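Asker: Pasting the sequence and the predicted coordinates here, then a few questions.
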Amino acid sequence: MTRRTLAVNALARVEGEGGMFVQVRDGQVEAVTLDIFEPPRFFEALLRGRDFSEAPDITARICGICPVAYQMSACLAIEDAFGIEVPDEIRLMRRLLYCGEWIESHALHIFFLHAPDFLGFDSGIDMAREHREVVEAALRIKAAGNDLMSVVGGRSVHPVNVKVGGFHRLPTVAELQAIRPRLAAALEDVLAAVPLLAGFEFPDFDQPYLYLALGAGQDYPLEAGRLTTSTGSDMPVAEFGEHVVEEHVEHSNALHARYDGDPYVVGPLARYSLHYDALSPMAKQVAAAAGLSQKCRNPFRSILVRAVELAYALEEAVRVIDDWQGAAAPAIEVPVRAGVGHGATEAPRGLLYHRYRIAEDGSIGEATIVPPTSQNQLAVEGDLRAFVQERLEMPDEQLSYQCETAIRNYDPCISCATHFLDLRVERR
Amino acid sequence: MTSLVVGIGAPTRGDDAVGIEVAKAVNGMGLAGVDVVESAEPIQLVDLIGDHPCVVIVDGMLSGAMPGEVAVFDGLPAPDFGPSSTHSLGVGQALELARVLGRLPRDLFLVGVEVGRTGMGAGLTAAVQAAIPHAAGEVRRLVSE
């Protein structure tokens, strides 16, 4: 019997918050374990006993890259518990703010984290030396997202302007018009970068994923919607817990989520494949130029789907700004009552679910937060299992590099709060 | 032209918040001609530093010194300075990127405060809390020079 242990100690961070381990015996991948630390567990405990109004700002601290997602899901869940729904203009302003987060997050991931993998660079810095124009353009795109976050969210990191029921203050038409040119220019930058991305070599790796994403009718899923799946389900967010079960796994301090017992995928691939029809004509053209068909099951091509979503978010932001007429009030009255509420929105990396039980005095009795990364975790492990199995002949360094890329396909939120990642390969 | 002070840190990771707390203290001094950004993702440095001749970055530091010890570094740190993650850049990487793109300021300083506890949970340890006035004083000295 030949036995070989490929311990790709990916994500082995300084404080031991993550690691990946692959074991191969007799030419078969036997075990793949991915261990990811999850700040949400800590925050769920932190929220208990706090006033409902604190939830958006507290949960925003879970992630420096997607604070808006946490704020939005928290607001929706609490508003659901109180039996209220914000008027359309506030929903639109939320959508606009959320576009800012997608723009920042997708631009960062596409150009600084994922593209270097495909171009053979160790980092975005090395890439900047040879593709300076692309990196400069990426910074402009990201800066346009920052502007949007600053104007609507109050500041570009950890926005402070969001509250249950709406906003503390709404931006003026003049403030929004002032940032419009940079958003429009950023869209041109994205369109100019598509041929480079489309020219990457992608491994042949279609997977039979079960997809879960919000569905919002005519609108591409973002700040609200119903739960939709690739098996044809369409249901209210309140039914999330009836299908998604998180389980403790012995090797991991993270929870692994399953949908009706099966691994599943949330994020750009799920949104795109389930709701291609809701994309704008321009975004569909970007998809065609990128060589995407109407569904995408190859996680390595997620970089292309992110580019489509990035273009969409920029165009959508401009559209909302152009249509903006102001609102009667920045927020609606929030009638406090005891109850349970559910909320889900589409974070850049996938569906983010919150559930709160709120007491009569407005204090939080119980909080549940299911982040996209824990929902994708089993799929990432499945990908790595299949990927390594087909590439056992590959030298360590190359295999490690490609495994990193495979993990990055999901833009996972790994040790988000502290920014550590150390990747090491051992093969015995 | 104004100087820029940027605090970096995670407010929910114990002493990792010290960069933000020092920036807040500097902001409270109301120094003329000094912009203060109390919290930033390192990648934002590439944009933030562009228009300022003098930039001071304040961050937690893990060097083996006693918690609360304050150190001032002049110039560009090594690219691998500070940690990185799957979806962000570290301070060293961000500054290296700025260098490659020709965006470095004339004067660049890093003020590091040695951290103790960085596990989940808000709040600084006593030694690090006590170091804030000293670190903020160093920042004021650097932007006044």
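Answerer: In hand now; what should we look at?

Asker: For A:Leu92, give me its contacts.
Answerer: A:320, A:323-324 (CB atoms under 8 Å, 6 or more residues apart in numbering or on different chains). C-betas here are computed from N, CA, C, even on glycine.

Asker: Chain B next: which of these are close?
Answerer: With respect to chain B, and counting by CB under 8 Å from any CB of the partner chain, no part of these is in contact.

Asker: and the residues you listed, which of them are in helices?
Answerer: Using DSSP state H, the members of the contacts of A:Leu92 that fall in helices are A:320, A:323.

Asker: Rebuild the contacts of A:Leu92 as JSON lines, extending it with pLDDT.
Answerer: Formatted as JSON lines, the contacts of A:Leu92 follow (pLDDT from 0 to 100):
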{"residue": "A:Val320", "pLDDT": "98"}
{"residue": "A:Asp323", "pLDDT": "95"}
{"residue": "A:Trp324", "pLDDT": "95"}
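
Asker: Going by distance to chain B, which of the contacts of A:Leu92 wins?
Answerer: The closest of these to chain B turns out to be A:Val320 (CB to the nearest CB; 23.5 Å).

Asker: hang on, the earlier thing: which of the contacts of A:Leu92 are buried, as a ChimeraX select command?
Answerer: ChimeraX command restricting the contacts of A:Leu92 to the buried ones, with burial defined by 16 or more other CB atoms under 10 Å in any protein chain shown:
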select /A:320,324
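
Asker: Next, format the contacts of A:Leu92 as TSV and append distance to B:Gln93.
Answerer: Output for the contacts of A:Leu92, formatted as TSV (distance: CB to CB, whole Å):
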residue	distance to B:Gln93
A:Val320	33
A:Asp323	39
A:Trp324	37
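
Asker: Can you list phi and psi of the residue of the stretch 51-200 of chain A found nearest chain B for me?
Answerer: When scored by CB to the nearest CB, the stretch 51-200 of chain A has A:Ala128 as its residue closest to chain B, at 4.6 Å. Main-chain dihedrals, A:Ala128, degrees, to the nearest 10: phi -60, psi -30.

Asker: Next up, the contacts around it.
Answerer: Residues counted as contacts of A:Ala128 (CB under 8 Å, 6+ apart) are A:135, B:97, B:100-101.

Asker: again with B:Leu108
Answerer: B:Leu108 touches B:49, B:54-55, B:57, B:74-76, B:95, counting by CB under 8 Å, 6+ apart.

Asker: what's the answer for A:Leu304, then?
Answerer: A:197-198, A:287, A:290-292, A:296.

Asker: in the helix or strand harbouring it, what counts as buried?
Answerer: Element membership of A:Leu304 [criterion: DSSP states H and E] is helix A:302-323. Using 16+ other CB under 10 Å as the test for burial, helix A:302-323 gives A:302-318, A:320-321.

Asker: that older thread, out of the contacts of B:Leu108, name the ones that lie in strands.
Answerer: Counting by DSSP state E, the part of these found in strands is B:54-55, B:57, B:74.

Asker: Can you tell me which of the residues you listed comes closest to A:Gln177?
Answerer: Ranked by distance to A:Gln177 (CB to CB), the ones in strands among the contacts of B:Leu108 are led by B:Val55 at 30.8 Å.

Asker: For that closest one, the count of nearby residues, please.
Answerer: Using other CB atoms under 10 Å in any protein chain shown, the number of residues around B:Val55 comes to 26.

Asker: What does the pLDDT read for it?
Answerer: For B:Val55, the pLDDT comes out at 95.

Asker: Double-check it against B:Val6; I have them as touching.
Answerer: Yes. Here B:Val55 reaches B:Val6: they are 7.0 Å apart, a contact under CB atoms under 8 Å.

Asker: Spell out which helix or strand contains A:Gly343, please.
Answerer: strand A:339-347.

Asker: List the buried residues for that strand?
Answerer: For strand A:339-347, using 16+ other CB under 10 Å, the buried residues are A:341-347.

Asker: helix or strand right after it?
Answerer: strand A:350-358.

Asker: So which residues of chain B form helices?
Answerer: Under DSSP H, chain B gives helices at B:18-29, B:45-48, B:91-100, B:126-130, B:132-144.

Asker: of the contacts of B:Leu108, closest to A:Tyr353?
Answerer: B:Ile57 (36.2 Å).

Asker: what about that closest one, distance to B:Val115?
Answerer: To B:Val115, B:Ile57 is 15 Å away according to CB to CB, to the nearest Å.

Asker: Correct me if wrong: A:Ala290 contacts A:Leu196.
Answerer: No. Assessed by CB under 8 Å, A:Ala290 is found out of contact with A:Leu196, at 10.5 Å.

Asker: Of those two, give the one with the bigger neighbour count.
Answerer: Using other CB under 10 Å as the criterion, A:Ala290 and A:Leu196 rank with A:Ala290 on top: 21 against 16.

Asker: For the more buried one, list the residues it contacts.
Answerer: By CB under 8 Å, 6+ apart, A:Ala290 lies in contact with A:194, A:197-198, A:304, A:307-308.

Asker: Mind telling me the two of these farthest from one another?
Answerer: Greatest spatial distance among the contacts of A:Ala290 (CB to CB): A:Ala198 and A:Val308, at 10.9 Å.

Asker: per-residue pLDDT, A:Asn253?
Answerer: On the pLDDT scale, A:Asn253 is placed at 59.

Asker: before we move on, back to that, could you dump the contacts of A:Ala290 into CSV and include distance to B:Thr2 and pLDDT?
Answerer: Listed next are the contacts of A:Ala290 as CSV, based on distance: CB to CB, whole Å; pLDDT from 0 to 100:
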residue, distance to B:Thr2, pLDDT
A:Val194, 38, 98
A:Leu197, 38, 98
A:Ala198, 42, 98
A:Leu304, 41, 98
A:Ala307, 36, 98
A:Val308, 39, 98
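
Asker: how about a markdown table for these, with distance to A:Ile78 added?
Answerer: Listed next are these as a markdown table, based on distance: CB to CB, whole Å:
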| residue | distance to A:Ile78 |
| --- | --- |
| A:Val194 | 39 |
| A:Leu197 | 39 |
| A:Ala198 | 42 |
| A:Leu304 | 36 |
| A:Ala307 | 34 |
| A:Val308 | 32 |
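
Asker: How about the contacts made by residue 94?
Answerer: Picking chain A for this. The contact partners of A:Arg94, by CB under 8 Å, 6+ apart, come to A:72, A:75, A:86, A:162, A:223-224.

Asker: hm, I was asking about chain B
Answerer: Going by CB under 8 Å, 6+ apart, the list of residues near B:Ala94 reads B:42-46.

Asker: 6 Å instead, please
Answerer: B:42-43, B:45-46 (CB atoms under 6 Å, 6 or more residues apart in numbering or on different chains).

Asker: gap between the residue positioned nearest the centre of chain B and A:Val160?
Answerer: By CA atoms, centre = their mean, the mean C-alpha position of chain B lies nearest to B:Val58, the distance being 1.7 Å. Using CB to CB, B:Val58 is found at 21 Å from A:Val160.

Asker: can you check B:Ile43 too?
Answerer: 20 Å.

Asker: again with A:Ala288
Answerer: Distance from A:Ala288 to A:Val160, by CB to CB: 40 Å.

Asker: Show me the contact partners of stretch A:165-172.
Answerer: Under CB under 6 Å, 6+ apart, the answer for stretch A:165-172 is A:86, A:90, A:151-152, A:161, A:327, A:330-332, A:334.

Asker: Of the residues you listed - the most surrounded one?
Answerer: A:Val152 (28 neighbours).

Asker: Not counting its neighbours along the chain, what's nearest that residue?
Answerer: Spatially, and ignoring its direct neighbours in sequence, A:Val152 is nearest to A:Leu97 (4.3 Å; CB to CB, 6 or more residues apart in numbering or on different chains).

Asker: quick check, distance from the helix or strand where that neighbour lies to the centre of its chain.
Answerer: In the assignment (DSSP H and E), A:Leu97 maps to helix A:88-107. Relative to its chain's centre, helix A:88-107 lies at 13 Å (CA atoms, centre = their mean, to the nearest Å).
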